[in-house]
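Student: Here is a sequence together with a model predicted from it:
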Amino acid sequence: MKNKLIAICGALAMLCSAGSWAAATITIVNGDPAGVGFNDPTPATPVGGNSGTTVGAQRINAFQQAASIWGATLDSSVPIRVLATWEALPCNDTGAVLGSAGALQVFANFPGAPQPDAWYGEAETNKLVGFDADPDLPEIRARFNVNLGQPGCFTGSPFYLGLDNNHGPLTDLVAVLLHEFAHGLGFQTYTDDATGELLAGIPSIWDYFLLDTATNKLWKDMTDAERAASARRAGRLVWNGANVTEAAQLVLRPGTPLLTILSPSRVAGVRRIGVAQFGPPLASPGVTGEVMPVIDTPPDTGLACTPLSAPNVRAVQGKIALIDRGGCTFVEKVRNVQNAGAIGAIIVDNAAGTPPPDLGGDDPTIVIPAVRISLQDGAALKDVLATRSRTKSGLFANLGVNLAVRAGADPSGRVLMYATDPNLPGSSVSHYDISAIPNQLMEPSINDDLSHKVTPPRDLTYPLLRDIGW
């Protein structure tokens, strides 16, 4: 083998939980010490088709379920070994690293490589050459958060260990495993997305399909500086692979949600948005109206965390209300402007960064559309609103969808990748964009509505692996 690189090293402990399926064999290698993780003897009640009677046994069964799904999907005559451990990963009660996984080794320029001068993860390399390129090491290294649900780490909300996806408010472990195993199978670039530096001067096979539509360059053809800039260019980084582009026509919903500023001309145009998980979905022709700000908190901000004052009611009645993020939940803000007579809501982020995330929450009484925009876009709108009267602004907008573009794709039908400003190492580039509808398994965060599917018509994970050679 030429150009072998060990990317991550780990010590092997004991073997367990091996399983074989029709298209591939995936073996879980238990790297935990006695009493920890897979070896946790804490009694557990069987749940959701998981018959394990200890926490450790149920974790093993969940891993086997995820392995069986990927095993039935892949085509490889070489067994795939996943070295897995349960460890203390970064976590608090508002955010947590659920798990991580990646290739232990990568290979380039091996005999019969489909693409010369490109890194491939070992699991894929083995599939392509037909034998184990390094039988001494597993192909994938995986770590998962042993503290989830413990005090200070999503307190009281551990992983759901059932196999039936009926996780309710808990985090579905099988979905997390499917996501992380995909990274280990090759759903990632080995190029440094923060600096743009190639690994040992060679692009990843991933970089042959990443296209920046602002420069019309593939990542493999860029300089380091160009790649680093591209990784921060939200809405312009796409996957230029035939399998994903074709499958997107079946998987992604027609209609990209957007905010269109109609006037005045100096701010007119389309803005990227985060959509609300509550209230009505954006539709066509959408809601058009004049935008008016809520002003209830110095200095000149409007949090809308309490029922609106009489002047604010007069300002937003029959209008689209502009609200600032902070102080209370998104649901409370939108409910308060709805009760004041607003026909829609735009929430301005309070921290720099793009793209703006979705608005979380749940309230069946909310009947007006709501979106989030970036701090930068909010500042541009507020500059126009600085010259408004008490009931008129001259700033008109539409909350709607572009039916000609699928949610999560560009106008040419290519699927958007997750590019963020600032760069988020571990999330940027090696995931699908958060604008995809329905939510995709390989978005940077695990969503509650995921199925245990990795193929169309529900999911685009396997089509991307096919593009890179699986």
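Tutor: Sure, I can see it.

Student: was I right about Ala321 contacting Val337?
Tutor: Yes. If you go by CB atoms under 8 Å, Ala321 and Val337 touch, sitting 4.0 Å apart. Yep, even glycine has a C-beta here, placed from its N, CA and C like the rest.

Student: who touches both of those two?
Tutor: 294, 304, 345 (CB atoms under 8 Å, 6 or more residues apart in numbering).

Student: among those, which are in strands?
Tutor: Ala345 (DSSP state E).

Student: Phe209: neighbouring residues, count only.
Tutor: Using other CB atoms under 10 Å, Phe209 has 23 neighbouring residues.

Student: Run through the residues that contact the closest residue to it other than its chain neighbours.
Tutor: Leaving aside its chain neighbours, Phe209 sits nearest to Gly241 (4.6 Å; criterion: CB to CB, 6 or more residues apart in numbering). Residues in contact with Gly241 (CB under 8 Å, 6+ apart) are 209, 463-464, 467-468.

Student: 7 Å - rerun?
Tutor: Contacts of Gly241 were listed using CB atoms under 7 Å, 6 or more residues apart in numbering, and they are 209, 464, 467.

Student: what about the second one, neighbour count?
Tutor: This points to Leu464. Residues within reach of Leu464, counting by other CB under 10 Å, total 23.

Student: Could you do the last one as well?
Tutor: Here the count is done by other CB under 10 Å, and Asp467 has 21 residues near it.

Student: Just the local confidence number for it, please.
Tutor: Note on Asp467: pLDDT of 98.

Student: pretty sure it is touching Thr245, no?
Tutor: No. Counting by CB atoms under 7 Å, Asp467 does not reach Thr245; the two are 9.0 Å apart.

Student: I'd like to know how far the closest residue to Pro41 other than its chain neighbours sits from Ser68.
Tutor: Closest residue to Pro41 apart from its sequence neighbours, by CB to CB, 6+ apart: Thr54 at 5.3 Å. Distance, Thr54 to Ser68, using CB to CB, to the nearest Å: 21 Å.

Student: With distance to Pro356, pLDDT and neighbour count as added columns, please give the shared contacts of Ala321 and Val337 in JSON lines.
Tutor: Formatted as JSON lines, the shared contacts of Ala321 and Val337 follow (distance: CB to CB, whole Å; pLDDT from 0 to 100; neighbours: other CB atoms under 10 Å):
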{"residue": "Val294", "distance to Pro356": "18", "pLDDT": "98", "neighbour count": "27"}
{"residue": "Ala304", "distance to Pro356": "18", "pLDDT": "98", "neighbour count": "30"}
{"residue": "Ala345", "distance to Pro356": "14", "pLDDT": "98", "neighbour count": "29"}
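
Student: Closest to Phe181 out of the shared contacts of Ala321 and Val337?
Tutor: The nearest member of these to Phe181, counting by CB to CB, is Ala345 at 39.0 Å.

Student: Across the sheet, point out what pairs with the closest one.
Tutor: Ala321, Ala370 (DSSP bridges).

Student: Report the residue ranges of every domain in the protein.
Tutor: Listed domain ranges for the chain are 4-186, 205-253+407-470, 254-405 (source: automatic domain parsing).

Student: What segments of the stretch 151-300 of the chain are helices?
Tutor: With DSSP state H, counting those that start in this stretch as the criterion, the stretch 151-300 of the chain has helices at 173-185, 224-230, 242-251.

Student: for this protein, which spans come out with low pLDDT?
Tutor: Counting by pLDDT under 70, the chain shows low-confidence ranges at 1-22.

Student: Tell me which helix or strand Tyr120 sits in.
Tutor: strand 120-121 (DSSP states H and E).

Student: which strands and helices sit next to that strand?
Tutor: strand 105-107 (3 or more CB pairs under 7 Å, 6 or more residues apart in numbering; DSSP states H and E).

Student: Can you list the strands that the strand it packs on pairs with?
Tutor: strand 4-6 (antiparallel), strand 120-121 (antiparallel).

Student: With only the CA atoms kept, save the top helix by length along the chain in CSV.
Tutor: As assigned by DSSP state H, the longest helix anywhere in the chain is helix 55-73. This file holds the C-alpha atoms of helix 55-73, laid out as CSV (Å, rounded to 0.1, in the frame of the first residue of the first chain):
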residue,chain,number,x,y,z
VAL,A,55,-27.4,-0.8,30.8
GLY,A,56,-24.3,-2.3,29.2
ALA,A,57,-26.2,-5.1,27.4
GLN,A,58,-28.7,-2.6,26.0
ARG,A,59,-25.9,-0.4,24.7
ILE,A,60,-24.4,-3.4,22.9
ASN,A,61,-27.8,-4.2,21.4
ALA,A,62,-28.2,-0.7,20.1
PHE,A,63,-24.8,-0.8,18.5
GLN,A,64,-25.7,-4.1,16.9
GLN,A,65,-28.9,-2.6,15.5
ALA,A,66,-27.0,0.3,13.9
ALA,A,67,-24.4,-2.1,12.6
SER,A,68,-27.1,-4.3,11.1
ILE,A,69,-28.7,-1.3,9.3
TRP,A,70,-25.4,-0.3,7.8
GLY,A,71,-24.4,-3.9,7.2
ALA,A,72,-27.5,-4.5,5.1
THR,A,73,-26.8,-1.3,3.1
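
Student: tell me which residues of it are tucked away?
Tutor: 55-71, 73 (16 or more other CB atoms under 10 Å).

Student: between it and helix 173-185, how many degrees?
Tutor: Helix 55-73 runs at 50 degrees relative to helix 173-185, counting by axes from the mean of the first three to the mean of the last three CA atoms, to 10 degrees.

Student: Run through the residues that contact Val55.
Tutor: Val55 touches 40, 42, 44, counting by CB under 7 Å, 6+ apart.
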